[in-house]
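>>> here is a sequence with its predicted model. Questions after.
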Amino acid sequence: MADFVRVARITDIPSDSARVFTVRGRRLALCHVDGTIYAVDDTCTHDGGPLGEGRLDNHAIECPRHGARFDVRTGAVVQMPAVFPIRTYPTRIENGEIAVDLGDGAV
């Protein structure tokens, strides 16, 4: 069941960047790529690094600790040393506000 929660305004996240927000105790990195917002866990599956502090290059976010990269659309690993994907969350934008589905829609 979907559980959309308002997290931020679209203007809070400049294009081609990521910002971290804590929602219901979860740290989420919201990534703004080509006009679309993607939400992923802010934790690298390699060693727990803060992905939101890493570099966003198109649809790949890079962990600042060891350079693991993940596709923010799917959570898939695109560069080691990580081997496990990160969790992703559906998003929607209404009236300039970003909502993230923390329910069953998360992958």
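Yes, it's here.

>>> who touches the residue nearest the centre of the chain in this structure?
Geometric centre of the chain, nearest residue: residue 40, 2.7 Å, by C-alpha atoms, centre = their mean. Counting by C-beta atoms under 8 Å, 6 or more residues apart in numbering, residue 40 touches 28, 29, 31, 51, 61, 70, 72, 75, 86, 87, 88, 89. Heads up, the C-betas are built off the backbone N, CA and C, glycines and all.

>>> can you do 10 Å?
18, 28-31, 51-52, 61, 70-75, 85-89, 106-107 (C-beta atoms under 10 Å, 6 or more residues apart in numbering).

>>> ok, now residue 63?
Contacts of residue 63 by C-beta under 10 Å, 6+ apart are 43-51, 53-55, 69-70, 79, 81-82, 86.

>>> please apply the same query to residue 35.
10, 15, 93.

>>> picking that back up, okay, the residue nearest to the centre of the chain: pLDDT?
Residue 40 carries a pLDDT value of 97.

>>> counting neighbours, which of the contacts of residue 35 comes out on top?
residue 10 (15 neighbours; other C-beta atoms under 10 Å).

>>> phi, psi of that residue?
Main-chain torsions, residue 10, degrees, to the nearest 10: phi -60, psi -30.

>>> what about the closest residue to residue 70 other than its chain neighbours, how many neighbours?
In this structure, residue 70 finds its nearest non-sequential neighbour in residue 86, 5.0 Å apart by C-beta to C-beta, 6 or more residues apart in numbering. Using other C-beta under 10 Å, residue 86 is surrounded by 24 other residues.

>>> sounds good, over and out.
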